[in-house]
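Enquirer: Task: produce atomic coordinates for the following.
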Amino acid sequence: MKALIIDDENDICYLLGTILLNKNISSDYVNSIKDARRVLISEGPRVIFLDNHLPDGRGVDFIGELKKRIPAPIIIMLTAYDTPDDRRKAMEAGADFFIPKPFSRETIFRTVDLLPQ
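Expert: Okay, the predicted model is just below:
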């Protein structure tokens, strides 16, 4: 399985990428929506870890475009802003999971274990 991490914090990208390797999931990362669009042209990742606050837009507003570009992507929102309203907006936009930051390895493992193979 292949994942794309879209987060403007390189530390989060490296940490999450390392955690995913423990579950045999390879990953690439980008730091903006613009870069994500470029990567999505050449790759169609099955799983997308999407930060909600990016330098060039909100992740929740990018979900619809992701759903159009990739067949049946699994979108996991990551955000430090864990409010009921943010969760509702993400799920209504089409996110499959919502993980607040900071996250733990166990939280990522539990979420990954729920993904369809």
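
Enquirer: Now do the SS call for the residue positioned nearest the centre of the chain.
Expert: Nearest to the mean C-alpha position of the chain, by CA atoms, centre = their mean, lies F49 at 1.2 Å. At F49 the chain is in strand, as set by DSSP: H, G, I helix; E, B strand; the rest coil.

Enquirer: same question, K23
Expert: With three-state DSSP as the basis, K23 sits in coil.

Enquirer: The closest residue to it other than its chain neighbours sits in which helix or strand?
Expert: Spatially, and ignoring its direct neighbours in sequence, K23 is nearest to V112 (4.9 Å; CB to CB, 6 or more residues apart in numbering). The way it works is simple: take the backbone N, C-alpha and C, and place the C-beta from them, glycine included. In this assignment (DSSP states H and E), V112 forms part of helix 105-113.

Enquirer: Which strands or helices does that helix pack on?
Expert: With contacts taken as 3 or more CB pairs under 8 Å, 6 or more residues apart in numbering; DSSP states H and E, helix 105-113 sits against helix 10-21, strand 97-100.

Enquirer: rerun at 10 Å
Expert: With contacts taken as 3 or more CB pairs under 10 Å, 6 or more residues apart in numbering; DSSP states H and E, helix 105-113 sits against helix 10-21, strand 47-51, strand 74-79, strand 97-100.

Enquirer: Centre of the chain to it, how far?
Expert: Counting by CA atoms, centre = their mean, to the nearest Å, helix 105-113 is centred 13 Å from the centre of its parent chain.

Enquirer: Give me the contact list for the helix or strand bottoming out on mean pLDDT in the chain.
Expert: One helix or strand of the chain scores below all others by mean pLDDT, DSSP states H and E: helix 33-42, with a mean of 89. Residues outside helix 33-42 that contact it (CB atoms under 10 Å, 6 or more residues apart in numbering) are 4-6, 8, 28-30, 32, 45, 48, 50-51, 54-59, 61-62, 65-66, 69-70, 73.
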